[in-house]
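Trainee: any chance you can model this:
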Amino acid sequence: MWARTITRTRIHQSEHTHGGNIDGAHRHEEEEEEKEKGKEVDTVAQATRWEPVDLVGVVMQILAIFLRNEYKAAATSGSKKKKEKGGEATSSEEDTPFLRQLARHEKVRQTMVDGLFDALGTFFDAMDHSSPSKHKVLVSYIASAIEVLYFCSWDEEYVSELVVSDCMHQGRAFSMLKKVLLMEQAEIVSNMLRWLLRFSEYEDPPTQDILAGYELDSRLLHSIIERNNTAMVAWGAKQPYNSLACDLLKAVEIFADDSNFKAQVIDSSAEALATVLKRGAEYNGFGKADSMHLSFTYAFFKLLAALHCFNAQVMPADQENHFVIALAGECRTKEHRDGVRGSLEFLLTLPEVIKRAKENTCDPVMEEDLALVEELLGAFNEQCERGKKPSTPKAGGGGAKKDKEAKAKPDKDKEELRVKVSGG
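Mentor: Numbers count the residues shown, from 1 in each chain. Sure, this is the predicted structure:
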């Protein structure tokens, strides 16, 4: 889209300069309009003048267009297969030939691994001394680069090389992603978070275990948590809609569900989570079944479940009930405790809220998540009202989540990464 916009601008300017195929009468009218615009035309021309950064940017735009269209076609093909065969939508390597060619060509793949973050660095550097109009063009280049990163990360071979690359190991990738995270353009930030979710889902390669050895918490995760905290606290049934709120919650949840990062997420998020829960279900719109509020409630619910989940096979014993203790520590009055208790009780009715929804906004609540939030409520009551350590969660609580972490139990090398990160 952006490449076509720039091309149309250049053609438009060329027609005015050289005459082109414009009819004489129309040419005269448009020349008069240009005179009235004055310096504005010069500014646009300056913004679209070719520079080295533009060559890189347009390449990103072209790649993004090809990959986006291929992805849409693959998704459509997968949906057709689902209707024909039943079950989940599927896709094959044959559905994404362009991406496969990029990933299978070693030199191209290596260029795409490091080159994407080098390109982002070039765009951000150019922003420091750009005009407002040129700034918009650079923003479009950044948007395209993030799209390319997202689509390339659907290829396992690309991810395998990216996760151990110098740009990751040395932190340059995280530095660039942090700059993207702090941008005002919600769509670009959302695409970056979508990439992070996709990237972190891989078990082979075990991306999250490897990221733990790169000090991700200080380089990027803490900034994601901070922005999520701000979005959560600003959320409310009568507050302006924040399109990033759900994406941020999902990004934090995937790290909260991993033993490498759970303690960091709890320590950095407990205050904001308590603030949301203290306000009560009505303020937060937990009972609203429209797509906007239900999406937030669902993502918030899953984050709470992930934070309370404990797996003794891969986590230190002192982290059991870590979230409950942190949450209770933020409740200094009876009013606070009642607010949190009431919110948790209401959240247990989420399956009924989903049934009332007119649109298929989210998946059904997993029984394991429901059990975890129920356990969280019981443990919170015990911690606050009786002033003693909560009892051990019921056998089988957490089900799939515990099985998931047990399945991904680290081998010796991954365990060494954990020891390194924890300072042990």
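Trainee: which helix of the protein spans the most residues?
Mentor: Scanning the chain for the longest helix, with DSSP state H as the assignment, gives helix 52-85.
Trainee: any weak-confidence spans in the stretch 251-400 of the chain?
Mentor: Along the stretch 251-400 of the chain, the parts satisfying pLDDT under 70 run over 386-400.
Trainee: could you redo the last one with a cut-off of 80?
Mentor: Scanning the stretch 251-400 of the chain for pLDDT under 80 picks out 385-400.
Trainee: could I get the full set of helices for it?
Mentor: For the stretch 251-400 of the chain, the helices defined by DSSP state H, counting those that start in this stretch occupy 262-278, 281-284, 291-308, 322-329, 334-347, 350-356, 367-385, 399-407.
Trainee: check the stretch 51-200 of the chain too.
Mentor: Assigned by DSSP H, counting those that start in this stretch, the helices in the stretch 51-200 of the chain fall at 52-85, 97-104, 106-127, 132-152, 156-162, 166-169, 172-181, 186-200.
Trainee: so for whatever helix or strand comes next after the last one, what's the average pLDDT?
Mentor: Using DSSP states H and E, the next helix or strand after helix 186-200 towards the C-terminus is helix 207-212. When pLDDT is averaged over helix 207-212, the result is 90.
Trainee: quick check: next helix or strand after helix 207-212?
Mentor: Sequence order places helix 216 as the next helix or strand after helix 207-212, per DSSP H and E.
Trainee: following that following helix, which helix or strand shows up next?
Mentor: Per DSSP H and E, the first helix or strand lying C-terminal to helix 216 is helix 222-234.
Trainee: so for that following helix, what gets flagged as buried?
Mentor: Across helix 222-234, burial judged by 16 or more other C-beta atoms under 10 Å covers 223-229, 231-232. Just so you know, the C-beta spots here come from the backbone N, C-alpha and C atoms, and that holds for glycine as well.
Trainee: okay, those in JSON lines with pLDDT next?
Mentor: Shown next, in JSON lines, are the buried residues of helix 222-234 (pLDDT from 0 to 100):
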{"residue": "Ser223", "pLDDT": "95"}
{"residue": "Ile224", "pLDDT": "96"}
{"residue": "Ile225", "pLDDT": "96"}
{"residue": "Glu226", "pLDDT": "96"}
{"residue": "Arg227", "pLDDT": "96"}
{"residue": "Asn228", "pLDDT": "97"}
{"residue": "Asn229", "pLDDT": "97"}
{"residue": "Ala231", "pLDDT": "95"}
{"residue": "Met232", "pLDDT": "95"}
